[in-house]
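# here's my sequence, what's the structure:
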Amino acid sequence: MEFRVDRQTLADAVAWAARTLPARPALPVLAGMLIEVTEEGELSLAGFDYEVSARAREDADVAEPGRVLVPGRLLADIVRNLPPHPVEILTKGSEVVVRCGPAEFGLLTLPVEDYPTLPEPPARAGTIPGDLFATAVAQVTPAAGRDDTLPMLTGVRIDIEGDTMWLACTDRYRIAARELTWSPADPGFTAGVVVPARTLADTAKSIKRGADVALDLGGVADTLIGVSGGGRSMTSRLLDDQYINYRSRLTGTWSSVAEIPVAPFVETIKRAALVTERGTPVRLAFTADEVCVRAATGDSARANESLEIRLTGDDLDIAFAPQYLLDGLAGIDTEYARLECAGPTKAALLTAIPDKKEDSSNEKTDDASETDTGYRYLAMPVRLTS
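Take a look at the predicted model:
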């Protein structure tokens, strides 16, 4: 095997494939990165840990096609630190030689014949703009659980009905959901799967900007999902598809509705959180035209700050874990947010208020067709003791 490739192109491809390399591999060969080059000039790098596979494809100048397995993390460290020159990689006996300008490294190969066959993704289900997909995944994954003893809660639920897709995560104390439109291969396609949240978040964030993302999903008996775009692809084993009926919980009758400026509210909460300890909430007292944000740690420190808002309905005194509020607000990219509550002990719903459009006279106008961004964030409050 012998080929030549741009250093930055190789670094990006190696970094993608290295994401699946296990820290403690069950088998020594799983620590390897599979490198393949074809006569047609395609370079493929892949990693696999039996749960997730990652593969990157790039063009290269191929002098001799071949297939080899090398220590993956070591290759990633080497390539990341190479000088800015084209990289030549070739096999010499039991070594893979990496040359870049004046630098040369030799890596002992691993037995490629022992490497497991990479899983093939299911059938193509449809496509979605990569930027839209990355944004939606980033909005919901902060609400995913971290407890691996409850694997369902560590995943992203993906529901598809025709050209509508819902993404949702919950850790039992909050739900983050996003509805969006995508392009299914079959207009009647439906699915409901749970994908590991960390895997999906890492994949969505790392796929090249501007590329369409393709989702591969099979039938009810299929255990894999495939995500690909911009020469990058991954497969992941699905989690148990049992999931709560989250959509029914994102509607309700609200006795208090507050319209809040997002950026000032975020800064106010961050300042109040400076005096909180782990588990200490921030307290929000809503009246007609302001919210008073308060926090305290016993008698040692306290914070009190008011912010101008607009409240419709009943005055409200409610408390939340500050990070839960900040995670929900991070998913909103409009100037104002809406917080809807049904009392101090009931879950509150946070949504975005679409920004008003400017007309030809540069005046902002309401657009009735832009009434929903598709983002929902439901959080349970902390019960107030006094």
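
# CA only for contacts and neighbour counts going forward, please
OK.

# quick one, phi/psi of the residue nearest to the spatial centre of the chain?
Residue closest to the mean C-alpha point of the chain, counted by CA atoms, centre = their mean, is residue 201 at 2.4 Å. Note on residue 201: backbone dihedrals following degrees, to the nearest 10 are phi -60, psi -40.

# dump the residue contacts of it.
If you count contacts by CA atoms under 8 Å, 6 or more residues apart in numbering, residue 201 has them with 134, 137, 138, 141.

# doesn't the first one fall inside a helix?
Which is residue 134. Yes. Counting by DSSP: H, G, I helix; E, B strand; the rest coil, residue 134 is found in a helix.

# thought it was touching residue 205?
Yes. Here residue 134 lies in contact with residue 205, judged by CA atoms under 8 Å, at a distance of 5.6 Å.

# out of the two, which sits in the busier spot?
Counted by other CA atoms under 10 Å, residue 134 and residue 205 do not tie: residue 134 has more neighbours, with 21 against 16.

# could you pull out the helices for the stretch 151-300 of the chain?
For the stretch 151-300 of the chain, the helices defined by DSSP state H, counting those that start in this stretch occupy 197-206, 262-273.

# circling back: so what pLDDT did the residue nearest to the centre of the chain get?
Note for residue 201: predicted pLDDT of 95.

# again with the one 10 residues further on
Predicted confidence (pLDDT) at residue 211: the value is 82.

# mind listing what it touches?
Here residue 211 is in contact with 129, 130, 131, 229, 230 (CA under 8 Å, 6+ apart).

# try it again at 6 Å.
130, 229, 230 (CA atoms under 6 Å, 6 or more residues apart in numbering).

# phi, psi for it please.
Note on residue 211: backbone dihedrals following degrees, to the nearest 10 are phi -90, psi 150.

# how close does it sit to residue 186?
21 Å (CA to CA, to the nearest Å).

# let me have the contacts of residue 201 in CSV, extended by secondary structure and pLDDT.
Below are those laid out as CSV (DSSP: H, G, I helix; E, B strand; the rest coil; pLDDT from 0 to 100):
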residue, secondary structure, pLDDT
134, helix, 95
137, helix, 97
138, helix, 96
141, helix, 97
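
# where does pLDDT dip in this protein?
Counting by pLDDT under 70, the ranges of the chain that qualify are 219-221, 357-371, 386.
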